[in-house]
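Trainee: Pasting the sequence and the predicted coordinates here, then a few questions.
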Amino acid sequence: MAIDTAKIRNVGFVGHGGVGKTSLVEALLFSAGAINRLGRVEDGTTTTDYDADEIKRQITINIGVAYCDYKDHRINLVDMPGYGDFIAEARAGLRAVEGAVVVVDAVAGVQVQTEKVWKFATEYELPRAVMVNRLDRDPADSFRTLESMGRRLKGRLVPIQIPVGSEHGFSGVVDLVHMRDVPAEVADQAREYRDKLVEAVAETDDELLSKYLEEGSLGDAEVIAALRKGIGAGQIMPVLCCSATKNLGCQPLLDLIVESFPSPLDRGPVRGTDLKTKGEAERPPDPKAPAVALVFKTLSDPHVGKLSLFRVYSGTVRSDSQLLNSTRGTKERIGHVAWMQGKAQRPIDALGPGEIGVVAKLKETLTGDTLSEEAHPFLLPKIVFPEPSMSFAIQPKTRGDEDKISTALHRITEEDPTLHYHYDPETKQLLVSGVGQMHVEVIVERMKRRYNVDVNLLPPRVPYKETVKGRSEVQGKYKKQTGGRGQYGDVWLKIEPLQRSAGFEFVDDIFGGSVPRNYIPSVEKGVREAMKKGIIVGYPVVDLKVTLYDGSYHEVDSSDMAFQIAGSMALQKGFMEASPILLEPIMNVEVTCPADHSGDVIGDLNGRRGRIVGMEPAGETAVVRAQAPMAEMLHYEPALRSMTGGRGGYTMEFSHYEEVPAFLADKLIKEAKAEKEKAEKH
Ligand SMILES: Nc1nc2c(ncn2[C@@H]2O[C@H](COP(=O)(O)OP(=O)(O)OP(=O)(O)O)[C@@H](O)[C@H]2O)c(=O)[nH]1
Ligand SMILES: [Mg+2]
């Protein structure tokens with residue numbers, strides 16, 4: 001029997017890295033009696049951080065799902081990573097829930113990733129609550145944190161609890177909704193905040209507001225009902241406080257979730273595309289409707305293989321059935337479906353609307369795919385993942401491991417859509433691209449542990465290019481007379497620069513047949529090949545106009561091959577005579593950091609040949625925008641981390657190519673020559 005949809009609450013836990021999301025989920029599971037021992041992140045014993053990568057680093061890397069039954073309701077808890085490199089998971093995981101709990105550290109307040117997940121939740125119009133955690137820490141102050149939140153998070157934040165005692169003396173919370181057992185020491189404060197709460201809920205409804213203005217107060221039942229409505233509509237974002245590791249003040253969150261968070265029924269039908277009519281359509285959270293589910297995470301289990309975590313929106317997903325992967329148009333056999341309790345699975349016959357479950361061994365299904373019924377094909381909106389911004393070359397430690405490496409990378413990209421890899425023919429390297437350095441390092445460790453391949457992570461190679469600044473006119477003549485039939489090709493080329501990123505242009509300017517028509521494509525081919533190989537150091541040549549304007553031929557000895565060689569020779573010579581230069585990629589960089597570190601960040605970017613293009617102080621956080629050469633930004637992450645005490649974050653994307661300054665170009669050319677000689681000796 002599937003669970004009654006009205007009694008399901010799906011809640012996502014998001015926030016900045018290390019604020020206590022996993023610890024809070026653990027405390028909630030424990031408070032509800034779903035687990036009988038409170039695990040600790042430090043001991044690697046929490047329910048949702050069970051993966052070896054997570055235990056080693058003591059951070060969440062993958063979405064973890066667990067559930068508890070509380071006051072006759074099923075609560076599914078989706079624990080998500082908070083570190084910048086893995087924050088895309090939070091965006092995917094929030095698709096599976098009706099409500100979010102944004103966890104904020106009582107000492108640090110709102111941080112870079114807090115703002116990011118807040119935006120994700122706003123984008124999905126998700127009702128949310130804020131949990132101020134680590135109230136036992138020194139110098140935690142939930143009221144000051146509240147102020148910083150009010151400034152930086154958009155929405156009506158309303159405390160529904162106040163703490164009793166603080167730091168080491170933190171002993172619990174006062175529930176402002178029910179106002180039971182209020183300790184004398186905080187009675188005045190409790191009154192004050194209760195009034196603010198009542199005022200806030202009254203403002204969500206005109207009728208309630210006039211009643212409040214007339215009578216000066218509202219009854220508990222009215223407050224609870226209005227709170228529920230206000231949260232569901234996103235008009236109110238209640239703020240709670242707790243210490244997750246001490247399990248103080250956590251249980252009231254369970255009550256809030258059951259009483260005031262929306263159920264999948266409240267959220268209503270899901271929108272998507274009906275693949276039969278090709279039009280936009282809706283599917284209701286009804287167990288009898290055709291099934292529609294979204295795979296929001298793919299995991300790989302060392303024993304069972306691929307695991308697909310999915311959320312049912314409509315209809316019922318049954319064990320031993322068949323569904324259509326409507327994203328790919330392929331059929332998938334659904335073996336056993338199960339609920340997830342961290343790494344443990346609880347097999348079940350069927351999952352109804354609103355439920356979150358897992359199924360093993362789907363053949364072609366990846367993260368973000370929709371499963372639906374073949375007779376009623378339906379497609380949910382895709383999950384958008386960020387493009388990777390850091391590329392590293394990897395190299396096998398053992399020769400001949402290349403195949404194992406590609407198999408491992410293929411499997412890992414199935415789990416992690418933010419990882420890309422490709423073989424770069426320009427640099428002859430296998431490049432792995434991820435969101436940041438930590439991301440790529442975790443991947444390398446995973447390759448070793450799970451797939452038994454050991455690789456070296458090389459510093460990434462910058463994709464330099466070559467071009468010219470000047471013009472030249474040159475002859476390329478290829479002539480060979482060795483017995484029998486000889487070889488003869490002769491061309492005159494004009495070489496000129498083109499605008500940046502204009503690519504390549506070949507102009508045929510032959511009059512009077514000095515080069516016969518049929519050989520002209522061969523000349524162009526020779527030119528293109530020489531450009532691909534590179535001339536100064538071996539980087540591809542770009543932004544070049546080549547005009548073929550004269551030449552000569554031989555009745556017998558001329559051939560395609562001879563003209564191709566002549567073209568290539570002319571280009572190589574002419575290129576070097578037209579003031580050749582190297583080009584380097586310039587990146588757009590956006591750094592977010594605490595305002596008092598912005599001076600250091602700007603100074604450091606200047607030292608990296610960066611140009612500051614904008615700066616926005618936003619209260620305690622500053623946003624610095626700059627353009628800087630990729631070559632200088634390869635190891636930016638650890639530098640930024642140490643400059644800002646781990647509180648800075650940045651994004652980076654390719655902007656355009658620019659000339660490498662002469663003093664650096666000389667150095668690059670020398671290095672490349674030395675490397676080439678070394679390679680030739682081997
Ligand atoms: N003093 C104190 N420490 C806490 C509390 N909650 C969590 N911690 C500690 O903070 C650290 C991070 O806790 P996690 O629960 O892993 O935080 P998280 O938000 O899940 O971290 P990520 O998932 O990596 O973003 C751990 O060392 C916890 O023991 C708390 O209420 N008080
Ligand atoms: Mg965590």
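Mentor: Now that the structure is in, tell me what you want to look at. Ligands and ions are numbered 1, 2, ... in the order given.
Trainee: From the contact counts, what lies against the helix or strand harbouring Leu548?
Mentor: Using DSSP states H and E, Leu548 sits in strand 544-552. Here strand 544-552 touches strand 487-497, strand 504-508, helix 520-533, helix 560-576, going by 3 or more CB pairs under 8 Å, 6 or more residues apart in numbering; DSSP states H and E. For the C-beta atoms, the positions are set from N, CA and C on the backbone; glycine is no exception.
Trainee: Now tell me what touches it from outside.
Mentor: Applying CB atoms under 8 Å, 6 or more residues apart in numbering, the external contacts of strand 544-552 come out as 467-468, 489-498, 504-510, 514-515, 520, 523-524, 527, 531, 566-567, 571, 575.
Trainee: Could you do stretch 212-227 as well?
Mentor: Stretch 212-227 has contacts (CB under 8 Å, 6+ apart) with 160, 177-179, 197-199, 201-202, 204-205, 208, 211, 236, 238, 259-260.
Trainee: So for Arg450, which of the helices and strands packed on strand 544-552 sits nearest?
Mentor: Nearest to Arg450, of all the helices and strands packed on strand 544-552, is helix 520-533, at 37.5 Å by CB to CB.
Trainee: For Thr651, report the pLDDT, please.
Mentor: pLDDT recorded at Thr651 is 75.
Trainee: Could you count how many residues lie near the closest residue in space to Ile669 that isn't next to it in sequence?
Mentor: Sequence neighbours aside, Val537 is the residue nearest to Ile669 in space, at 5.5 Å (criterion: CB to CB, 6 or more residues apart in numbering). For Val537, the neighbour count with other CB atoms under 10 Å is 18.
Trainee: how about the residues of the chain that lie near ligand 2?
Mentor: For the chain, the residues in contact with ligand 2 (CB under 5 Å from the ion) are 21-22, 60.
Trainee: show me what contacts Tyr70?
Mentor: 32, 254, 257-258.
Trainee: mind putting those residues in CSV, secondary structure included?
Mentor: Formatted as CSV, those follow (DSSP: H, G, I helix; E, B strand; the rest coil):
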residue, secondary structure
Ala32, coil
Leu254, helix
Ile257, helix
Val258, helix
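Trainee: Pick the one among these closest to Arg609.
Mentor: Each of the contacts of Tyr70 was checked against Arg609 using CB to CB; the closest is Ile257, at 51.0 Å.
Trainee: center of this structure - which residue?
Mentor: Ranked by distance to the mean C-alpha position of the chain (CA atoms, centre = their mean), the top residue is Ala88 at 3.3 Å.
Trainee: how distant is stretch 492-507 from the center of its chain?
Mentor: Here stretch 492-507 is found 38 Å from its chain centre; the criterion is CA atoms, centre = their mean, to the nearest Å.
Trainee: Not counting its own residues, what contacts the least confident helix or strand in the chain by mean pLDDT?
Mentor: Lowest on mean pLDDT, DSSP states H and E among the helices and strands of the chain sits helix 142-152, with a mean of 78. Contact partners of helix 142-152, identified using CB under 8 Å, 6+ apart, comprise 104-107, 109-110, 114-115, 130, 132, 135, 157, 159, 162-163, 166, 239, 241, 618-621.
Trainee: Give me the subset of those that lies in helices.
Mentor: Members of those lying in helices (criterion: DSSP state H): 114-115.
Trainee: Restricted to buried residues, select the contacts of helix 142-152 in ChimeraX.
Mentor: Restricted to buried positions by 16 or more other CB atoms under 10 Å, the ChimeraX selection for the contacts of helix 142-152 reads:
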select :104,105,106,107,109,110,114,115,130,132,135,157,159,162,163,166,239,241,620,621
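Trainee: ok, Ala100 - contacts?
Mentor: Under the criterion of CB under 8 Å, 6+ apart, the contact list for Ala100 reads 11-14, 94, 117, 121, 126-129.
Trainee: neighbour-wise, which of these leads?
Mentor: Val14 (31 neighbours).
Trainee: so that one, which of the three states?
Mentor: Relying on three-state DSSP, one would call Val14 strand.
Trainee: separation between it and Tyr83?
Mentor: When distance is defined by CB to CB, to the nearest Å, Val14 is 12 Å away from Tyr83.
Trainee: go on, Ala562?
Mentor: Taking CB to CB, one finds Ala562 at 60 Å from Tyr83.
Trainee: So which of these two has more stuff around it?
Mentor: Neighbours were counted for Ala562 and for Tyr83 using other CB under 10 Å; Ala562 has more, 24 against 21.
Trainee: Let me know the pLDDT of whatever residue of the stretch 351-500 of the chain ends up closest to ligand 1.
Mentor: Here the residue of the stretch 351-500 of the chain nearest ligand 1 is Met438; by CB to the nearest ligand atom that distance is 11.1 Å. Per-residue confidence for Met438 comes out at a pLDDT of 82.
Trainee: Quick check: chain neighbours aside, which residue is closest to it?
Mentor: Counting by CB to CB, 6+ apart, the residue nearest Met438 is Asp85, at 4.8 Å.
Trainee: before we move on, the earlier item: list only those of the contacts of stretch 212-227 flagged as buried.
Mentor: Buried by 16+ other CB under 10 Å: 160, 177, 197-198, 201-202, 204-205, 208, 211, 236, 238, 259-260, out of those.
Trainee: from those, which ones fall inside strands?
Mentor: The strands, defined by DSSP state E, take in Pro238 from these.
Trainee: Out of the buried ones among the contacts of stretch 212-227, name the ones that lie in helices.
Mentor: 197-198, 201-202, 208, 211, 259-260.
Trainee: Between all of the residues you listed, which two are at the greatest distance?
Mentor: Every pair of those checked by CB to CB; the farthest is Lys211 and Glu259, at 21.3 Å.
Trainee: how distant is stretch 467-480 from the center of its chain?
Mentor: When distances are taken as CA atoms, centre = their mean, stretch 467-480 is centred 47 Å away from the chain's centroid.
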